[in-house]
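Enquirer: curious how this folds, go ahead:
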Amino acid sequence: MGRVTAALVAGILVLTSCSSADSGTEVADASATRSTSAPPVSQDILDFMPGFGDPGGCGHAHNDYLHDRPLIGALESGFCSVEADIWDQPSGLLVAHDLRDVDPERTLQSLYLDPLRTWVAERGEAYNSGPLILLVDIKSDASSTYAALHEVLKQYSDILTVFEDGAVEVGAVTVVVSGARDRAAMETQSPRYAALDGRLGDVGNEVPIDLMPLISANWQSEFGWVGIGELRDEERTKLESLVAAVHAEGRLLRFWNIPDEAVGWREMLDAGVDLVNTDAIKDLASLLAQR
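Expert: Okay, here's the model as predicted:
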């Protein structure tokens, strides 16, 4: 795919500061009424992240490796993003949520990178509207695990988006590092085979978009709604303001710990949240197909 120059995006909506990046965040000058349509993401990001149509949004397979058919089930359901947790172990980068569950046979390569290479070779793409996001959530030490991840990813540069010298070589898959993130290493690294998953506290800090194209946040740290009854107007306004702030910088937005059912998914989609987090791949795929 083509080579594009990464650019910073102007027009930042300032957020109030917090004690940590994952704590509650309020948007200044939030609109008092619900917006009729979500602000679109910047065109700059659509070169190396999934591009969405109106009204936007697609599925993110949270803890995808726990499903009967890791990766393949999400791809066949049209999801644009899959998540894999990794532990750096003597036998490799092992995919599991908890250390006690690691299996030397279940590596990042065997569950994701090798099948993705085969999928792309057979179909020419991993997702039909831009690169697939492979969100790699680091569970072990940030520095040593990222160093090991970098060495693994360079072996798959033929299918991955590569960031080098301020430019982006777009691949079929864009890796985004979450969890324990070695931000200092990633900020200075070139070439780099992954981008960084940001937090709401990063919004307004002019982080280059090619370093941090995605913002993820814990829904339960920001909102009280758990899917029972209606989302209160003030919380809906806050949600739409967060979407606007992230989109103003040209980034994508994801929440984890959302109400993982139709009522929660619809609120995410209606507000313009880009990646809809779920453990129920088939159910969300069915809802998306009806929109």
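
Enquirer: report the longest strand in the protein, please.
Expert: strand 81-89 (DSSP state E).

Enquirer: identify all contacting residues around the following helix or strand past it.
Expert: For strand 81-89, the following helix or strand on the C-terminal side (DSSP states H and E) is strand 92-95. The contact list for strand 92-95, computed with Cβ atoms under 8 Å, 6 or more residues apart in numbering, reads 65, 70, 84-87, 102-104, 106-109, 111-112, 145, 148-149, 152. (Each C-beta comes from the backbone N, C-alpha and C, glycine too.)

Enquirer: check the average confidence over the helix or strand following strand 92-95, would you?
Expert: Downstream of strand 92-95, the next assigned helix or strand under DSSP H and E is helix 108. If you average the pLDDT over helix 108, you get 98.

Enquirer: isn't Leu153 right up against Val176?
Expert: No. If you go by Cβ atoms under 8 Å, Leu153 and Val176 don't touch, sitting 11.6 Å apart.

Enquirer: which neighbours do these two have in common?
Expert: Ala194.

Enquirer: where does the stretch 51-200 of the chain dip in pLDDT?
Expert: 51-56 (pLDDT under 70).

Enquirer: any chance you could map the helices in it?
Expert: 72-76, 108, 114-123, 142-153, 183-188 (DSSP state H, counting those that start in this stretch).

Enquirer: quick check: buried residues in stretch 77-90?
Expert: 77-89 (16 or more other Cβ atoms under 10 Å).

Enquirer: would you mark the buried spots in stretch 95-107?
Expert: Buried-residue list, stretch 95-107, by 16+ other Cβ under 10 Å: Val95, Ala96, Val102, Arg106, Thr107.

Enquirer: same check, this time on stretch 145-152
Expert: Of all the residues in stretch 145-152, those buried under the rule 16+ other Cβ under 10 Å are Thr145, Tyr146, Ala148, Leu149, His150, Val152.

Enquirer: same check, this time on stretch 220-232
Expert: Buried residues in stretch 220-232 (16+ other Cβ under 10 Å): Ser221, Glu222, Phe223, Trp225, Leu231.

Enquirer: for stretch 206-217, same thing?
Expert: For stretch 206-217, the neighbour count (16+ other Cβ under 10 Å) marks Val207, Pro208, Ile209, Asp210, Leu211, Met212, Pro213, Leu214, Ile215, Ser216, Ala217 as buried.
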